[in-house]
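**Q** Provided below are the primary sequence and the corresponding predicted coordinates.
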Number of protein chains: 2
Amino acid sequence: MSEVYAERRVRLRDRCGAAGSPAALVSRPANVRYLTGGSPAGAVLLLGPDDDVLLCPTLPGGDPADGRVDEVLRQLVLPAGGGDPAVAAVEFARKSGADALAVEEHHLTVARHRAMGSVAPGLRLADLACAVEQLRIVKDEDEIASLRIAAEIADQALGELLESILVGRTERHLALELERRLVDHGADGPAFATSVATGPHSGRAGHRPTDRRVEEGDFLSVCLGANYRGYRCEIGRTFVIGTTPADWQIELYDLVFAAQRAGREALAPGAEYRDVDRAARQILAAAGHGDTTTPLTGHGVGLEIREDPQLAPAAMGKLDACVPVTVEPGVHLPGRGGVRIDDTLVVRQEADGGPELLTITTKELLAL
Amino acid sequence: MSEVYAERRVRLRDRCGAAGSPAALVSRPANVRYLTGGSPAGAVLLLGPDDDVLLCPTLPGGDPADGRVDEVLRQLVLPAGGGDPAVAAVEFARKSGADALAVEEHHLTVARHRAMGSVAPGLRLADLACAVEQLRIVKDEDEIASLRIAAEIADQALGELLESILVGRTERHLALELERRLVDHGADGPAFATSVATGPHSGRAGHRPTDRRVEEGDFLSVCLGANYRGYRCEIGRTFVIGTTPADWQIELYDLVFAAQRAGREALAPGAEYRDVDRAARQILAAAGHGDTTTPLTGHGVGLEIREDPQLAPAAMGKLDACVPVTVEPGVHLPGRGGVRIDDTLVVRQEADGGPELLTITTKELLAL
């Protein structure tokens, strides 16, 4: 593995050099993990000019290690009370003779950035911007393999829930039950806070589970994901509780299903982000649900559950092969509830069989 | 309740006015919640000059509400794609004729701060610094009542775990079990990631549960807390698995217990933060464990699990009455394990009976 991280660091260093910064400081945890294999809490990565070093604070826990950090990488654990590793890194960079240091201005706070600037007046702090996030968009096959396992785990946890009695149980307990099953099946943990939404809550993205109990005739929408070796997937399904769905439930489900399929079918290398969004959105809008939908149809996943790209009306850019994204349109009717269907897929060339569906739980409307 | 939040906003506004800023923008979620009663994801609070307004983004979830926001407060939900509420708030402040706006430079990123500055060149962005965090240190009796309930919930969850079979179960499962019980007993959720540490892991603060199973003769240290109405407490205990603890386990336990008691007994209005830390630390150091301890002996709790004050060697300041803090010394012996004992207490006047212990689970060494 080690050389994978070293190679990623080389690519980033080349970018920085080209942009006129001999050194870069990476502070955003997911970016640190992408470049080192681990992200001890509070650790920052200094790239070049001479060599790379991971600076870790001594945590209150006294236990800086988390994740198997690339063993060839030099690590420096600051003594207790050693202050902010980012500030220590600036002094490192200055001593190494660098005249400029690119930093993540979208992650560093103003106060922290000022503290960094104050310890090395001679050193120019430039903006690394989202250079690492850009590198992270296209995944290698090892990353996709981790996402595939994460998706399998989520499918298993969801499948087991469907076999259990649901009526009378609260959203909160169903969510906890799902998270326990994720771990049972080998997840490092949930990829995000599991969402279980019943009745009038159903179909609302990011709904936080309440004490409402599942009732006959409810829509039940569930959104969960597993974190496997740091990689996070997402699956969302909507079910109906009871023997026979109402007509409005069937109609709404068919509509969202059609929109979600259109989004999935629009996934291809070279497709504009906004066109994927439109493919799903226009079907909902044509049925009069233009404004009850959410501002985005999908997003990238990886070391974070919400990464670039965004599949949204104003998003600029085109999909590449090997980019994992969610497709998750939904409709929520205030007071009545709604439907969301959410898959994680990997964009693939037509010749490679087109989009690879990672979350394979059925999308037919199940009556539970 | 409403007037409580209004009064807190008045106090903050007075501070800002005195500091020469007619308006302030609060972006740190816990601070927004302290001043409004709720913190919809991404919401920011603009204080004055005329009136206060809570600006909320339309979330991907399309569901901005979280927490019962003070109903007298004006709320503005930005349209989908409406951009950063903090930037919108700056335009608000400018239109209202303010010449300066105090912002939380310790929370805003450099990129965000720049975007805010660019929309209102005439407006000076000052630093609000930790003014709200300072207001939050001393709690009112309603806040303490919530912390008291949070502590009761944590005591109940822990007590139930002790009655169950532990040998053979993994750290990960015990942690999930505890979190389920917290919710069963009425918590909104865990106050932080529950830590369960067995054998060689025991005694390590912030240990992340692994798949290691509980074995006969292990030390088992557990740290958990409940989030009740946003208020977070913390309790940590260490147990021994099996019938009879080894001599080294009894010795180490008695030592940490003595240190923790000394820390608790040092809690009083007017006591220096560092003196509370020293009271506990010197007992461990005298026994040769000066360097195996953690950099801090305790910290404030409230809307965040780690708030000011810090009880640490270099901390400046004195305790006030009605400040809830943890006292959590520990010793970890690499390869062998260790002991941590952690309580949440409220600093009280001697006349009021001295420090109020919120987490009442026994601290005698239990053999389970």
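**A** That came through fine.

**Q** how about low-confidence regions in chain A?
**A** Filtered on pLDDT under 70, chain A yields the residue ranges A:1, A:59-68, A:292-293.

**Q** contact partners for residue A:116?
**A** A:84, A:86-87, A:90, A:103, A:108, A:125 (Cβ atoms under 8 Å, 6 or more residues apart in numbering or on different chains). (C-beta placed from N, C-alpha, C; glycine too.)

**Q** between those residues, which is nearest residue B:16?
**A** Set against residue B:16, the nearest of the contacts of residue A:116 by Cβ to Cβ is residue A:108 (24.7 Å).

**Q** what about the closest residue to that closest one other than its chain neighbours, how many neighbours?
**A** Excluding its sequence neighbours, the residue lying closest to residue A:108 (Cβ to Cβ, 6 or more residues apart in numbering or on different chains) is residue B:110, at 5.5 Å. When neighbours are defined as other Cβ atoms under 10 Å in any protein chain shown, residue B:110 has 22 of them.

**Q** go on, residue A:195?
**A** So residue A:195, with other Cβ under 10 Å, has 24 neighbours.

**Q** ok, now which ones touch it?
**A** A:175, A:205-209, A:221-224, A:236.

**Q** can you rerun that using 10 Å?
**A** Going by Cβ atoms under 10 Å, 6 or more residues apart in numbering or on different chains, residue A:195 touches A:171, A:175, A:178, A:201, A:204-209, A:221-225, A:236, A:340, A:342, B:61.

**Q** try residue A:27
**A** A:42-45, A:84-86, A:89, A:103-104, A:107-108, A:112, A:116, A:128.

**Q** now do residue A:196
**A** A:161, A:166, A:169-178, A:202, A:207-210, A:212, A:214, A:220-224.

**Q** and those residues near chain B, which?
**A** Checking the contacts of residue A:196 against chain B by Cβ under 10 Å from any Cβ of the partner chain, the ones in range are A:170, A:172-173, A:175-177, A:207-209, A:223.

**Q** inside strands: which ones of the residues you listed?
**A** residue A:223 (DSSP state E).

**Q** who wins on neighbours among the ones next to chain B among the contacts of residue A:196?
**A** Counting by other Cβ under 10 Å, top hit in the ones next to chain B among the contacts of residue A:196: residue A:223 with 30 neighbours.

**Q** separation between it and residue A:210?
**A** Separation of residue A:223 from residue A:210 (Cβ to Cβ, to the nearest Å): 15 Å.

**Q** for the stretch 251-368 of chain A, what lies in contact range of chain B?
**A** A:291-299, A:306, A:310, A:312-314, A:328, A:330, A:332.

**Q** helix, strand or coil for the residue of the stretch 251-368 of chain A found nearest chain B?
**A** The minimum distance from the stretch 251-368 of chain A to chain B, using Cβ to the nearest Cβ, falls at residue A:295 (3.8 Å). Of the three states, residue A:295 takes coil under DSSP: H, G, I helix; E, B strand; the rest coil.

**Q** from residue A:90, how far out is the residue lying farthest from the centre of chain A?
**A** Here chain A reaches farthest from its C-alpha mean at residue A:122, the gap being 37.7 Å by Cα atoms, centre = their mean. From residue A:122 over to residue A:90 the distance is 11 Å, taken as Cβ to Cβ.

**Q** could you do residue A:351 as well?
**A** 48 Å.

**Q** which of the two has more neighbours?
**A** With neighbours defined as other Cβ under 10 Å, residue A:351 and residue A:90 compare such that residue A:90 has more, 26 against 6.

**Q** quick check: the more buried one touching residue A:119?
**A** Yes - contact criterion Cβ atoms under 10 Å: residue A:90 and residue A:119 qualify, at 5.4 Å.

**Q** now do the shared contacts for the two.
**A** Residues touching both residue A:90 and residue A:119 (Cβ under 10 Å, 6+ apart): residue A:84.

**Q** got the contact list for the most centrally placed residue in chain A?
**A** When chain A is reduced to its mean C-alpha position, the closest residue under Cα atoms, centre = their mean turns out to be residue A:305, at 1.5 Å. Neighbouring residues of residue A:305 by Cβ under 10 Å, 6+ apart: A:190-193, A:225, A:227, A:231-234, A:299, A:326, A:344.

**Q** can you check residue A:118 too?
**A** Counted by Cβ under 10 Å, 6+ apart, residue A:118 has contacts A:87, A:90.

**Q** give me the three-state assignment for it.
**A** Counting by three-state DSSP, the backbone at residue A:118 sits in helix.

**Q** that one and chain B, how far apart?
**A** Here residue A:118 is placed at a distance of 14 Å from chain B (Cβ to the nearest Cβ, to the nearest Å).

**Q** how many neighbouring residues does the residue of the stretch 201-350 of chain A found nearest chain B have?
**A** Proximity of the stretch 201-350 of chain A to chain B (Cβ to the nearest Cβ) peaks at residue A:206, 3.1 Å away. If you count neighbours by other Cβ under 10 Å, residue A:206 ends up with 18.

**Q** repeat that for the one 10 residues further on.
**A** By other Cβ under 10 Å, the residues close to residue A:216 number 10.

**Q** check contacts around the residue nearest to it when sequence neighbours are not counted.
**A** Using Cβ to Cβ, 6+ apart and skipping residues adjacent in sequence, the residue nearest residue A:216 is residue A:242, 4.5 Å away. By Cβ under 10 Å, 6+ apart, the contact list for residue A:242 reads A:167, A:215-218, A:249, A:367-368.

**Q** and the longest helix along chain A, what other elements does it pack with?
**A** Determined from DSSP state H, the single longest helix within chain A is helix A:141-162. Under the contact criterion of 3 or more Cβ pairs under 10 Å, 6 or more residues apart in numbering or on different chains; DSSP states H and E, helix A:141-162 touches helix A:171-184, strand A:219-224, strand A:226-228, strand A:231-232, strand A:235-240, strand A:324-327, strand A:343-346, strand A:356-357.

**Q** mind checking how far the first one is from the chain centre?
**A** Just to be clear, that refers to helix A:171-184. Between the centre of helix A:171-184 and the centre of its chain there are 19 Å (Cα atoms, centre = their mean, to the nearest Å).

**Q** ok and that helix relative to helix B:171-184, angle-wise?
**A** Orientation check (axes from the mean of the first three to the mean of the last three Cα atoms, to 10 degrees): helix A:171-184 against helix B:171-184 gives 180 degrees.

**Q** which strands and helices sit next to helix A:171-184?
**A** For helix A:171-184, the packing partners by 3+ Cβ pairs under 10 Å, 6+ apart are helix A:141-162, strand A:189-190, strand A:195-198, strand A:219-224, strand A:226-228, helix B:171-184, strand B:189-190.

**Q** repeat that for the second one.
**A** For strand A:219-224, the helices and strands in contact under the criterion 3+ Cβ pairs under 10 Å, 6+ apart are helix A:141-162, helix A:171-184, strand A:195-198, strand A:235-240, helix A:247-265, strand A:330-333, strand A:337-340.

**Q** that strand pairs with which strands?
**A** Sheet pairing of strand A:219-224 (DSSP bridges) gives strand A:195-198 (antiparallel), strand A:235-240 (antiparallel).

**Q** just name the most buried of the ones you listed.
**A** Comparing the strands paired with strand A:219-224 by mean neighbour count (mean count of other Cβ atoms under 10 Å in any protein chain shown), strand A:195-198 comes out on top with a mean of 28.
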